[in-house]
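Participant: Sequence and predicted structure below; questions after.
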Amino acid sequence: MGRMSWPALRDDLLYVMVFGPGFGEAVVLRIPGGHWVLIDSCVIADQCPSLQMLDLAGGEWSYALLTHPHFDHIRGFDRILDRHRAGVVGCADPRVVEWREWFDSLDADELLDMGLLEQVMAAIHTRWSGDVATRWLLRRGDSRPVGTANITVLHPDDALASLQPHPGPNRLSAAMLIEWERVRVLLGADVEQAEWDRIAEVYADLGDHHALKVPHHGSRGAIHACYATGSRDRFWIVTPWNRKRGLPRFEENQGVDLLLRSVSRLCLTGLPVAYESQGPVPAQATRAALHAGHAPASPPVPVAGEHTAQPIKFTAESLACHVLVGFDRTGQIQDERYGRGSVVVRE
Ligand SMILES: [Zn+2]
């Protein structure tokens, strides 16, 4: 790992860390007591940042959860499984055959990754059949303890998951709620509006949370009042998606604009451009400036009077394109770090 400097994590905080290098997304949770939960995976400069994080902090994962089998969520997931044999492996959508039909519509670029998808799914099935104790088919209402925290699956339910023909990976993607002491962390996966309608029928108060991994890369079609309504101080993290027109979008009435009507700032792990084109340091920007194509300003300028007034901490160089937040048991932010390429966006 070399001579990376990494301020130690505090054992009394719940940490939420999200990586997103322009394409791809990984969430890492560190629960007090040294419990690690890895959700989805991405690769940055041929490294799996979730595993780098474990190496830096020291520890092993107890849960590796795949929200859905899209290429921006599976890269490196097989490496995560290879590293540790005893952890629980969760997956909402293990139907490989149906995917082949679904993925028939992919472009050449994505088809190249079909091999990777099959490799990841084979790794999950091998683990599940080798030791049933490692198997967790993610379904609405399932709840599992990790340390003194709980992971609850909000989506999908059985009916949707067994639908024929296959409804598509995003519709089956697993949204989750993590609760520890008074802290609530909502992980939106790539769940879009119609599914949030269903989730909201079952789970009230989803707007009552401290951190949110914003669903589906901040796309307009994934924004829903059930989680959006609430305090403007909530900590919302967006990962970009740099293919086609890119996500999130910065125009009026698009994702970033709509999200910033609910919170005072959005933390992007990177911009929707290639990893090589991400900024050299963490930065801040207004939505309008990003929409106009201006480079984000750096170093970041703290805004007086907000709890974000603490200077933004810059983390180790090789852990690029990430946002980290640590909560104490009351839900107060006690630690906040940003990797190279991340951007805090305000209206
Ligand atoms: Zn995605």
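Facilitator: Nice, I can see it. Residues are numbered from 1 along each chain as shown.

Participant: In contact with the closest residue in space to G33 that isn't next to it in sequence, which residues are there?
Facilitator: Spatial nearest neighbour of G33, excluding adjacent residues (Cβ to Cβ, 6 or more residues apart in numbering): G147 at 4.1 Å. All C-beta spots, glycine's among them, are computed from the backbone N, C-alpha and C. Applying Cβ atoms under 8 Å, 6 or more residues apart in numbering, we find G147 in contact with 31-35, 180.

Participant: same question, Q193
Facilitator: By Cβ under 8 Å, 6+ apart, the residues touching Q193 are 221-224.

Participant: List only buried entries from those residues.
Facilitator: For the contacts of Q193, a neighbour count by 16 or more other Cβ atoms under 10 Å gives the buried set as 222-224.

Participant: Mind checking which of these are in strands?
Facilitator: Among those, no member is found in strands (DSSP state E).

Participant: JSON lines for these, including pLDDT?
Facilitator: JSON lines is the format used below for the buried ones among the contacts of Q193 (pLDDT from 0 to 100):
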{"residue": "A222", "pLDDT": "98"}
{"residue": "I223", "pLDDT": "98"}
{"residue": "H224", "pLDDT": "98"}
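
Participant: for the stretch 51-200 of the chain, what spans make up the helices?
Facilitator: 71-74, 77-83, 96-102, 108-111, 114-130, 158-161, 193-202 (DSSP state H, counting those that start in this stretch).

Participant: Tell me how far stretch 232-248 lies from the chain's centre.
Facilitator: Put simply, stretch 232-248 sits 10 Å off its chain's centre (Cα atoms, centre = their mean, to the nearest Å).

Participant: now swap in stretch 287-300 and tell me
Facilitator: Centroid displacement of stretch 287-300 relative to its chain, using Cα atoms, centre = their mean, is 23 Å.

Participant: What are the buried residues along that stretch?
Facilitator: For stretch 287-300, by 16+ other Cβ under 10 Å, it's 287, 289-291, 296, 298, 300.

Participant: can you tell me which of the residues you listed lies nearest to the ion?
Facilitator: L290 (20.0 Å; Cβ to the ion).

Participant: Just to check, that closest one is in contact with P248?
Facilitator: No. Counting by Cβ atoms under 8 Å, L290 does not reach P248; the two are 9.5 Å apart.

Participant: which neighbours do these two share?
Facilitator: Joint contacts of L290 and P248 (Cβ under 8 Å, 6+ apart) are V256.

Participant: Near the ion, which residues of the protein are found?
Facilitator: Where the chain comes near the ion, counting by Cβ under 5 Å from the ion, the residues are 72, 190.

Participant: Not counting residues beside it along the chain, what's closest to the residue of the stretch 1-150 of the chain at minimum distance from the ion?
Facilitator: Nearest to the ion, among the residues of the stretch 1-150 of the chain, is D72, at 4.3 Å (Cβ to the ion). The shortest distance from D72 to any residue other than its chain neighbours is 4.9 Å, reached at G24 (Cβ to Cβ, 6+ apart).

Participant: tell me the contacts of the one you found?
Facilitator: 41-44, 71-73, 75, 239.

Participant: Export those as JSON lines, with columns for neighbour count, distance to D190 and pLDDT.
Facilitator: Shown next, in JSON lines, are these (neighbours: other Cβ atoms under 10 Å; distance: Cβ to Cβ, whole Å; pLDDT from 0 to 100):
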{"residue": "S41", "neighbour count": "28", "distance to D190": "14", "pLDDT": "98"}
{"residue": "C42", "neighbour count": "29", "distance to D190": "13", "pLDDT": "96"}
{"residue": "V43", "neighbour count": "20", "distance to D190": "18", "pLDDT": "94"}
{"residue": "I44", "neighbour count": "26", "distance to D190": "20", "pLDDT": "92"}
{"residue": "F71", "neighbour count": "21", "distance to D190": "12", "pLDDT": "89"}
{"residue": "D72", "neighbour count": "23", "distance to D190": "8", "pLDDT": "93"}
{"residue": "H73", "neighbour count": "24", "distance to D190": "7", "pLDDT": "95"}
{"residue": "R75", "neighbour count": "23", "distance to D190": "15", "pLDDT": "94"}
{"residue": "T239", "neighbour count": "32", "distance to D190": "10", "pLDDT": "98"}
